[in-house]
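1. 3D, please:
(one chain, ligands or ions: 1)
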Amino acid sequence: MDVVILMKACKTCKFIIDEGMVCPLCQGTAFDEKITSYVFIVDAEKSQAAKELGITAPGRFAIIK
Ligand SMILES: [Zn+2]
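-> Residues are numbered from 1 along each chain as shown. You can find the predicted model right below:
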């Protein structure tokens, strides 16, 4: 059984959403639907990955090279 996960990443802040057309973080409306990998930030203040990627909020963020 194939499971298709529909995700898209905000082009401005990289925040990933499953549905909707507006980024809840920055209110952006431009999304990239080709996500190859992402990070899940639980605690942005303590996360080293969050620091390196410039993320300041918890959630899923696309890694876009
Ligand atoms: Zn955004």
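2. For the rest of this, base every contact and every neighbour count on C-alpha atoms.
-> Will do.
3. Output the below-cut-off pLDDT ranges for this protein.
-> 2-5, 65 (pLDDT under 70).
4. Enumerate the residues of it near the ion.
-> Cys10, Thr12, Cys13, Cys23, Cys26 (Cα under 5 Å from the ion).
5. Can you turn the buried subset of those into a selection I can paste into PyMOL?
-> Buried residues within these, by 16 or more other Cα atoms under 10 Å, are selected in PyMOL with:
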select buried, resi 10+13+23
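6. a markdown table for the residues of the chain next to the ion, including secondary structure and distance to Lys51?
-> Shown next, in a markdown table, are the residues of the chain next to the ion (DSSP: H, G, I helix; E, B strand; the rest coil; distance: Cα to Cα, whole Å):
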| residue | secondary structure | distance to Lys51 |
| --- | --- | --- |
| Cys10 | strand | 18 |
| Thr12 | coil | 17 |
| Cys13 | coil | 14 |
| Cys23 | coil | 21 |
| Cys26 | coil | 18 |
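7. contacting residues around the closest residue to Lys11 other than its chain neighbours?
-> In space, and not counting its chain neighbours, Lys11 is closest to Phe31: 5.1 Å by Cα to Cα, 6 or more residues apart in numbering. Going by Cα atoms under 8 Å, 6 or more residues apart in numbering, Phe31 touches Lys8, Ala9, Cys10, Lys11.
8. Count the residues that sit near the closest residue to the first one other than its chain neighbours.
-> What sits nearest to Lys8 in space, not counting adjacent residues and going by Cα to Cα, 6+ apart, is Glu33, at 4.4 Å. The burial count assigned to Glu33 is 13, neighbours taken as other Cα atoms under 10 Å.
9. Tell me the spacing between Glu33 and the ion.
-> Separation of Glu33 from the ion (Cα to the ion, to the nearest Å): 13 Å.
10. shouldn't that residue be in contact with Ala9?
-> Yes: the criterion here is Cα atoms under 8 Å, and Glu33 meets it with Ala9 at 6.3 Å.
11. hmm, back to that, would you point out the most distant pair within the contacts of Phe31?
-> Lys8 and Lys11 (9.1 Å; Cα to Cα).
12. Comparing these two, which shows the higher neighbour count?
-> Higher neighbour count among Lys8 and Lys11: Lys8, with 23 against 17, using other Cα under 10 Å.
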